[in-house]
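# pasting the structure only:
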């Protein structure tokens, strides 16, 4: 009996030892994986913090460049006449364009490509009396001489020519980003940032001129207006390079609208329709279709679409720094289209027109799907611009 009792006690002790060993092993494993998990969480947080810091740094750098450019543009329209050289000329804008295109993104590359693209040229009454416009309504079209005021190279104009590093060649969309001499293109990156475009004359009222088919971004300063004369402005037998005939490179395959776009547009139109130059939501939708019938993305976006702007979950966007020289192209007023990268890897592009933000996708075959539209908070409402538009709406119906 005593031996059996001793064996039983030893067996129980062995069991207790095994259980204790297993418990210790389990406790060690739990501790190990908890520590591993904490280490991973710490590394993830460090990476997130580093990424956020990089985004904020890029945004701060961009804001700094924007402020510097704005200061230079202000200097451009307020010249110091006592410092003018003999070879300088006192040219001041005579009016400002109020366009349906709130930003360079989406503004047509050339005039008359989007017939529904409208703008109101408001003349400075201190320089241009209404009588100066008499007779212009008898012409169907007119030339607009303007300033590329959103040109990112404006600051180079104040530097010594030997230090400006102004590039002689720019990238061309129809050449898939290959370079061409600046004077063989209509790029805004020019030694003198002066633009020339043609537009359809819709109506004249007092000191305002309503135009359509424009390729002008909102706020464009205008230097002069001249009537279009077909007998001398349209040259019979004029020739152009072969690469300019390749329009199919910039034309999309199709443009369609989702049901979500139709419903969201109806909601937006209840608020913005009264302030718009367009008489109805259907007419505004036709404008969007005309704009997106051309691939408005920049050369860099078509080549590397993920490198421009990633929109974070809170809706904040940070534009990654691109080589400004590499991103130059023929687009007179278009800039790199804003985009957001979804978790699925699909890219949603954003276009702001008439103060409304339009979201759309484009597949590898050039088919555009317009997803939705919403009021844009990026562009402040210009009440003066909208009040000017209201007087035109009845004329266009």
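Yep, it's here. Just so we're clear, the structure is a prediction, and the values are computed from it rather than from any experiment.
# so the most centrally placed residue in the chain is in which element?
Centroid-nearest residue in the chain: residue 105, 3.0 Å away (criterion: C-alpha atoms, centre = their mean). Assigned by DSSP states H and E, residue 105 belongs to neither a helix nor a strand.
# surely it meets residue 358?
No - proximity of residue 105 to residue 358 does not meet the contact threshold set by C-beta atoms under 8 Å, at 10.6 Å. C-betas here are computed from N, CA, C, even on glycine.
# so what sits against both of these two?
350-352 (C-beta atoms under 8 Å, 6 or more residues apart in numbering).
# which one of these has the most neighbours?
residue 351 (24 neighbours; other C-beta atoms under 10 Å).
# picking that back up, quick check, nearest of the shared contacts of residue 105 and residue 358 to residue 286?
residue 351 (14.7 Å; C-beta to C-beta).
# a helix runs through the closest one, doesn't it?
No - assessed with DSSP: H, G, I helix; E, B strand; the rest coil, residue 351 is strand; it does not lie in a helix.
# Now the terminal residues of stretch 151-167, how far apart.
Stretch 151-167 has its terminal residues 14 Å apart, counting by C-alpha to C-alpha, to the nearest Å.
# For that stretch, list every residue counted as buried.
For stretch 151-167, a neighbour-count test (16 or more other C-beta atoms under 10 Å) marks 151-157, 167 as buried.
# I'd like to know which of the residues you listed are part of strands.
When DSSP state E is applied, those are split such that none fall in strands.
# As TSV, those residues with pLDDT would be great.
Listed next are the buried residues of stretch 151-167 as TSV, based on pLDDT from 0 to 100:
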residue	pLDDT
151	83
152	75
153	75
154	75
155	75
156	75
157	74
167	82
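# Could you export those residues to a markdown table, including columns for distance to residue 294?
Supplementary listing: the buried residues of stretch 151-167 in a markdown table, determined by distance: C-beta to C-beta, whole Å:
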| residue | distance to residue 294 |
| --- | --- |
| 151 | 21 |
| 152 | 22 |
| 153 | 24 |
| 154 | 26 |
| 155 | 30 |
| 156 | 29 |
| 157 | 30 |
| 167 | 25 |
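# With respect to residue 210, which of those is nearest?
Residue 210 lies nearest to residue 151 out of the buried residues of stretch 151-167, by C-beta to C-beta, at 26.0 Å.
# my read: that closest one touches residue 192, true?
No - if you go by C-beta under 8 Å, residue 151 and residue 192 don't touch, sitting 10.3 Å apart.
# Quick check: residue 287 touching residue 351?
No - applying C-beta under 8 Å, one finds residue 287 not in contact with residue 351, separated by 10.8 Å.
# For residue 133, give its distance to residue 225.
8 Å (C-beta to C-beta, to the nearest Å).
# who's more crowded, these two?
Between residue 133 and residue 225, residue 225 has the larger neighbour count (other C-beta under 10 Å), namely 22 against 18.
# for the record, mean pLDDT for the helix or strand the more buried one falls within?
According to DSSP H and E, residue 225 maps onto strand 221-227. For strand 221-227, the mean per-residue pLDDT is 98.
# Would you mind listing the buried residues in it?
Neighbour-count burial for strand 221-227 flags 221-223, 225 (criterion: 16+ other C-beta under 10 Å).
# do the same with stretch 198-208
Applying a neighbour-count criterion of 16+ other C-beta under 10 Å, one finds 198-202, 204, 207-208 buried in stretch 198-208.
# List of residues touching it?
111-112, 115, 118-123, 125, 128-130, 133, 136-137, 139-144, 209-214, 216, 228, 388, 391-392, 395-396.
# Give the buried subset of those as a ChimeraX selection command.
Those of the contacts of stretch 198-208 that count as buried under 16+ other C-beta under 10 Å are selected in ChimeraX with:
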select :111,112,118,119,120,121,122,123,128,133,141,142,143,144,209,210,211,212,213,214,216,228,388,392
